[in-house]
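K.L.:
let me see the structure of the following:
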Amino acid sequence: MNQILNSAKIIILEDAIRKHNKLYWEDSNPEISDIEYDQLIEQIRELAPDHELVTQVNMPSVSSSGKVKFEKEMRSLGKVYEVPEFLKWASKIIRMPNEIFVLNLKLDGCSGLQKDKVLATKGDGIEGENVSNKIPILKILKDRKITSAKDFDGECRGEILILKSDFEKYKHKLTRKNGEQYKNERNASAALLATDEINTSIGEVLTLVDFTHNSIEMTYTELLTFDWEEYIRKAQYESDFPADGIVLTLKDKDYFEELGYTSHHPRGAMALKFKNPSAESTLIDIEWSVGKGTITPVGIIEPIELSGVTISRVNLHNWKNIIDFDLHIGDTVTIERAGDVIPYLVKRRHTEDNYDAGDNIDFPSFCPVCKGKTEYKNPEIICTNYYCEGKLEVKLADSVVRVGIDGLGRPTIRKMIQTINVKNVLDIFMLEKKDIFKLEGFKRASTDKLYNEIQRVKNEGLEEWQFMSSLNLPGIGRSLCKSLLKDYTINDLTYMSIDELNNLDQMSDVRSNIVKNGLCNEIDYIEELIEFVGIKEEIATSLTVCMTGSFPKKKSFYENALSSKGIEFSKSVKKDTNYLICETKKGSGKQKKAEKNNIPIVTIDQFLNIIGVDLSDPEDKKKDTLLDIF
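P.N.:
As a prediction, this is how the structure comes out:
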């Protein structure tokens with residue numbers, strides 16, 4: 001039983017961590033704080049110490065023109081969240097009370113290096129991504145001197161960011177695709193690094209700040225009496241540099257190297273992450289928000305100013321959170337917020353007279369959307385009505401994305417549910433123009449546009465994994481559906497036993513039961529959907545390959561370019577793998593497995609020669625190679 005519970009917890013944690021990785025690294029739009037994210041990592045580490053999400057190195061999404069190898073690896077840092085922990089770490093590595101440390105701000109941007117007119121981000125620390133096209137909008141701050149990056153001839157290793165003063169100056173020019181302005185410096189700088197479309201007329205909005213800028217040297221004894229509270233306050237609120245912490249590093253480089261490194265960070269340096277800005281307010285009401293299967297409490301508080309933003313709503317997460325905090329209307333609550341992160345409650349203090357019955361937060365016995373009965377399934381509140389409009393709206397919005405219909409958001413889906421009784425994806429595919437025209441706000445042009453998009457997807461057909469993924473089975477995401485349907489059909493999976501499903505890659509008792517019950521309950525609907533839309537013709541696979549290492553272009557480039565040639569890509573080396581395409585030094589686990597199974601190991605260029613495909617851009621051949629520059 002414990003194994004089943006642990007598997008279920010791991011699935012939930014996997015989904016949460018992958019979601020927040022995407023929001024932070026790809027979308028530059030995080031929803032939780034660094035502390036909350038670290039807590040998720042620690043939870044999955046306790047259940048599965050070697051899990052890939054624990055050991056992987058995350059990096060921001062950037063628009064890259066190739067790889068750049070570093071002479072000296074760029075590593076991450078270990079981190080703590082309290083000053084006593086910070087000083088305890090220092091006490092363990094000092095050789096004498098007057099051991100000297102260097103104190104720096106932990107700048108909140110993207111680590112990078114400019115040398116010989118080439119700008120690269122950190123990447124995996126060994127190889128970076130070439131972002132030299134950003135040089136026209138970059139200045140360099142080194143040795144207390146600012147230089148235009150295009151005029152800089154030396155080497156600068158530091159953090160690429162937007163200064164707070166520059167953000168205020170340029171933020172009206174820095175907008176998302178939907179026209180919205182970025183709310184903080186980090187998200188804006190990440191977006192600039194991730195785009196190909198650089199408007200050089202905006203000016204030098206980015207700054208590469210040398211890691212040694214504004215360094216302070218102190219002995220261990222001085223650290224013990226240092227006014228940390230005042231330094232942190234000034235770093236957070238008075239400095240022009242966006243910072244999310246401070247860093248202590250041993251000054252003695254020989255001793256630093258002697259201490260060595262973990263697989264993740266040097267032992268001779270440590271980061272103290274800043275706590276999130278906080279403020280107190282009063283809880284005045286509770287609203288309930290309906291998701292795919294849960295009803296989430298949202299706290300309404302007396303408006304307060306926090307990080308330059310007026311806050312009046314707080315995410316309370318779930319009913320268990322309300323119980324654990326023993327929340328009452330009228331309580332004084334402490335709210336934290338980090339950047340664009342949704343504010344959340346960290347502490348409550350009861351007032352003297354808010355324990356009357358009317359001040360208790362009542363359990364919502366009925367769903368706020370459909371008025372169906374609710375149940376408490378620790379830690380969440382569940383609406384028991386399968387056809388709840390609130391749940392249906394969220395599920396359908398997700399399903400629409402999975403089947404590839406563009407431009408159909410939740411507001412329109414809500415109208416479809418309420419106006420023309422849409423209940424599933426099949427209903428959407430069966431809509432006629434006259435149905436769409438009934439929706440509020442839809443005119444002839446908007447009706448034609450949405451109808452044509454739905455017809456486009458219908459006429460092209462769907463891959464079989466999309467049919468299964470559109471069911472939104474709990475914990476069964478797109479990648480797992482693709483994996484399961486690589487060698488089997490939906491019909492095969494439906495009639496497999498739990499034991500047979502358990503033997504499939506990435507499956508567990510919990511997932512097997514979800515797949516079995518979900519497909520058995522929905523098989524008639526799936527068959528009807530497949531019959532109406534049709535399965536997209538698959539290209540016969542001639543070769544299965546696995547890729548490992550850093551490549552001249554993103555792996556997705558090769559996967560997209562070669563999948564149409566009958567090449568299938570596997571995440572791991574299996575007995576039926578035809579080639580391992582490898583661009584790393586010898587000794588990786590995948591290489592060893594390939595050698596054990598006599599699977600040929602080739603470079604990407606060798607593989608392209610084998611299959612007779614040329615993926616090079618003629619213009620690229622005119623450019624000097626950027627590999628091994630550093």
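K.L.:
the closest residue to Asp576 other than its chain neighbours bridge partners, please.
P.N.:
If the residues on either side of it in the chain are set aside, Asp576 comes closest to Thr544, at 6.0 Å by C-beta to C-beta, 6 or more residues apart in numbering. All C-beta spots, glycine's among them, are computed from the backbone N, C-alpha and C. When bridges are called by DSSP bridges, Thr544 pairs up with Glu568.
K.L.:
let me know the pLDDT of Thr544.
P.N.:
With respect to pLDDT, Thr544 has a value of 85.
K.L.:
you'd agree it is up against Glu568?
P.N.:
Yes. At 4.8 Å, Thr544 and Glu568 qualify as touching, with contact defined as C-beta atoms under 8 Å.
K.L.:
Thr200 against Ile135, yeah?
P.N.:
No. In this structure, Thr200 is not within contact of Ile135 by C-beta under 8 Å, at 9.6 Å.
K.L.:
next, the contact list for Leu40, please.
P.N.:
Leu40 makes contact with 13, 16-17, 20 under the criterion C-beta atoms under 8 Å, 6 or more residues apart in numbering.
K.L.:
about what we covered before: what count of nearby residues applies to the residue nearest to Asp576?
P.N.:
Burial of Thr544 is recorded as 15 neighbouring residues (other C-beta atoms under 10 Å).
K.L.:
only the buried residues of stretch 115-122, if you could.
P.N.:
Under the neighbour-count criterion of 16 or more other C-beta atoms under 10 Å, stretch 115-122 has 115, 118-122 buried.
K.L.:
ok, so of these, who is nearest Asp505?
P.N.:
Of all the buried residues of stretch 115-122, Lys122 has the smallest distance to Asp505: 32.1 Å, by C-beta to C-beta.
K.L.:
and that closest one, how close does it get to Ile160?
P.N.:
Separation of Lys122 from Ile160 (C-beta to C-beta, to the nearest Å): 9 Å.
K.L.:
are there residues contacting both of these two? Which ones?
P.N.:
Common neighbours of Lys122 and Ile160, counting by C-beta under 8 Å, 6+ apart, are 110-112.
K.L.:
narrow the residues you listed to just the buried residues.
P.N.:
Listed as buried from those are 110-112; burial here means 16+ other C-beta under 10 Å.
K.L.:
whatever helix or strand Glu280 lives in packs against which elements?
P.N.:
Remark: Glu280 resides in strand 278-290, with elements defined by DSSP states H and E. Counting contacts by 3 or more C-beta pairs under 8 Å, 6 or more residues apart in numbering; DSSP states H and E, strand 278-290 packs against strand 294-306, strand 309-315, strand 332-336, helix 389-403.
K.L.:
now the angle between strand 309-315 and that strand, please.
P.N.:
Angle, strand 278-290 to strand 309-315, by axes from the mean of the first three to the mean of the last three C-alpha atoms, to 10 degrees: 50 degrees.
K.L.:
nearest to Ser312 among the buried ones among the shared contacts of Lys122 and Ile160?
P.N.:
Cys110 (32.5 Å).
K.L.:
which strand residues bridge that closest one?
P.N.:
Ile160.
K.L.:
pretty sure Gly260 is touching Arg267, no?
P.N.:
Yes. Here Gly260 lies in contact with Arg267, judged by C-beta under 8 Å, at a distance of 5.8 Å.
K.L.:
which one's more surrounded, those two?
P.N.:
Just comparing Gly260 and Arg267: by other C-beta under 10 Å the higher neighbour count belongs to Arg267, 17 against 9.
K.L.:
now do the contacts for the more buried one.
P.N.:
Taking C-beta under 8 Å, 6+ apart as the test, what Arg267 contacts is 78, 93, 259-261.
K.L.:
of those, just the buried ones, ChimeraX syntax please.
P.N.:
Of those, the buried ones go into a single ChimeraX selection, burial set by 16+ other C-beta under 10 Å:
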select :93
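K.L.:
nearest to Ile284, of the contacts of Arg267?
P.N.:
Gly78 (41.4 Å).
K.L.:
how about the contacts made by the closest one?
P.N.:
Shown in contact with Gly78 (C-beta under 8 Å, 6+ apart): 89, 262, 264-265, 267, 269-271.
K.L.:
need the max-distance pair from the residues you listed.
P.N.:
Maximum pairwise distance in the contacts of Gly78, criterion C-beta to C-beta, is 14.8 Å, between Trp89 and His264.
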